[in-house]
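Enquirer: when you get a sec, could you give me coordinates for this:
(chains A and B)
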Amino acid sequence: MNSLNELQLDALTEVFSIGAGRAALSLSEIVGDEVRISVPSVQVISSNDISSTTLSLNSGRFGAVSQNFSGPFNAEALLLFTEEQALKIVSDMMDSQMSLEELAEFEHEAMCELGNIILNACLSAMADMLNFTLDSSLPNYTVASADDILTRLKKNTNQPYIMILHIDLAIENQRTAGNLVFLLSSASLNNLVTHIDQFLDPIS
Amino acid sequence: MPVDSSTKTLLIVDDSKVSRMLIRTHILTQRPEWIISEAACGEDAIALVANDLPDYCTMDINMPGISGTEAAEQILANHPSIKIVIFSANIQETHQERARSLGTILVAKPVTEKSIALALDYFDNAQ
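Expert: Predicted coordinates:
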């Protein structure tokens, strides 16, 4: 499987931008303010080539929401923010003057909800545009070090391809950046590319 | 080429080539006689419109450089006759209000037959 061409990546970026728009609408209803989410780029790489810079995984701890998808292709998705950014997002979502300890109590639930909103918005955009439906498992939230996350991504030999979406999120004008990562088997990546080509065919 | 009165000109502004291709294909299915041009950012759109004013324009919001709403505002200030539809995945109330205040409408992406029908209805009927 070669890498995706420019037009295929453009199609994926457009699909995920629409997903991001839908997620922003849902989140704005939760926080009661404008939320901006954009997906400036999408990359598909082999997990052997992944490094801490690809995912902006510097030192520190990261909040990771994971969810499994199944359908015409199967994928594990991970939404990654630094733990500090994750707490900031939770604080915006809870809209209160809570202390850090109090916030930490809600971190798990609020991050699962954020992951659920962003991931399902992306899925619904895929379903509408690329014409397939995926089912998702319940989201799971863990806090891990950058090394733990990299090891986990590299060791997953069943899913040797990684699709990375860089995400910019701004709630009440506070900007945070994260990554949404899909782990794909080569059969799943091939199926995804087939659907993208079917989508592009009538407009090319 | 002689241009009859049903031939309209449309400028599609979107940084995504795929999105421009989608809009072009759907519009030409409904209005095969239309002449379509494209721009990939707001700055290019402003320059193109200054050169050759189209009847209609579709405008994305999130693009590199100035936003689509800013570009639409500038274009409408200089060329009030043009009809602009803002196509965006960001359909939060603030954006809808901003579109209305400019005298345009905001149509939700993705680009489909249905969203194109909304845009064409606005182009046909807005005075």
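Enquirer: residue A:158: neighbouring residues, count only.
Expert: Counted by other Cβ atoms under 10 Å in any protein chain shown, the residues lying close to residue A:158 total 12. C-beta coordinates here come from the backbone N, C-alpha and C atoms, glycine included.
Enquirer: actually residue B:30, sorry about that
Expert: Residue B:30, neighbours per other Cβ under 10 Å, totals 12.
Enquirer: find the residue closest to it in space, skipping its chain neighbours.
Expert: Once flanking residues are discounted, residue B:30 sits nearest to residue B:120: 6.0 Å by Cβ to Cβ, 6 or more residues apart in numbering or on different chains.
Enquirer: what do you get for residue A:55?
Expert: Of all residues not flanking residue A:55 in the chain, residue A:179 sits nearest, at 5.2 Å (Cβ to Cβ, 6+ apart).
Enquirer: where does the one you found land in three-state SS?
Expert: Of the three states, residue A:179 takes strand under DSSP: H, G, I helix; E, B strand; the rest coil.
Enquirer: on that earlier part again, quick one: the residue nearest to residue B:30 and residue B:12, what's the gap?
Expert: Residue B:120 sits 13 Å away from residue B:12, going by Cβ to Cβ, to the nearest Å.
Enquirer: so those two - more neighbours on which side?
Expert: More neighbours surround residue B:12 than the other of residue B:120 and residue B:12, with 25 against 17 (other Cβ under 10 Å).
Enquirer: pretty sure the more buried one is in a helix, no?
Expert: No - using three-state DSSP, the assignment for residue B:12 is strand, not a helix.
Enquirer: what pairs with it across the strands?
Expert: Counting by DSSP bridges, residue B:12 is bridged to residue B:38, residue B:58.
Enquirer: repeat for residue A:35
Expert: Bridge pairing for residue A:35 - DSSP bridges - gives residue A:171.
Enquirer: so what's the residue count around it?
Expert: 23.
Enquirer: the residue nearest to residue A:94 when sequence neighbours are not counted sits in which helix or strand?
Expert: Counting by Cβ to Cβ, 6+ apart, residue A:106 is the residue found nearest to residue A:94 once chain neighbours are left out, at 5.8 Å. In the assignment (DSSP states H and E), residue A:106 maps to helix A:100-130.
Enquirer: next: residue A:190.
Expert: For residue A:190, the element it lies in under DSSP H and E is helix A:186-200.
Enquirer: send over that helix as PDB, restricted to the C-alpha atoms.
Expert: Output in PDB follows, covering the C-alpha atoms of helix A:186-200 (Å, rounded to 0.1, in the frame of the first residue of the first chain):
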ATOM      1  CA  SER A 186      -3.600  -2.700   5.700                       C
ATOM      2  CA  ALA A 187      -6.900  -4.300   4.700                       C
ATOM      3  CA  SER A 188      -8.700  -1.500   6.500                       C
ATOM      4  CA  LEU A 189      -6.600   1.200   4.900                       C
ATOM      5  CA  ASN A 190      -7.200  -0.400   1.500                       C
ATOM      6  CA  ASN A 191     -11.000  -0.400   2.100                       C
ATOM      7  CA  LEU A 192     -10.900   3.300   3.200                       C
ATOM      8  CA  VAL A 193      -9.000   4.200   0.000                       C
ATOM      9  CA  THR A 194     -11.500   2.300  -2.100                       C
ATOM     10  CA  HIS A 195     -14.300   4.300  -0.500                       C
ATOM     11  CA  ILE A 196     -12.400   7.600  -1.100                       C
ATOM     12  CA  ASP A 197     -11.900   6.700  -4.700                       C
ATOM     13  CA  GLN A 198     -15.600   5.900  -5.200                       C
ATOM     14  CA  PHE A 199     -16.400   9.300  -3.700                       C
ATOM     15  CA  LEU A 200     -14.000  11.100  -6.000                       C
END
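Enquirer: how far does the helix or strand following the helix holding residue A:106 sit from its chain's centre?
Expert: Scanning forward in sequence from helix A:100-130 by DSSP H and E, the next helix or strand is strand A:135-136. Distance of strand A:135-136 from its chain centroid, counting by Cα atoms, centre = their mean, to the nearest Å, is 14 Å.
Enquirer: and if you look at stretch A:14-26?
Expert: From the chain centre to the centre of stretch A:14-26 is a distance of 11 Å (Cα atoms, centre = their mean).
Enquirer: thanks a lot, catch you later.
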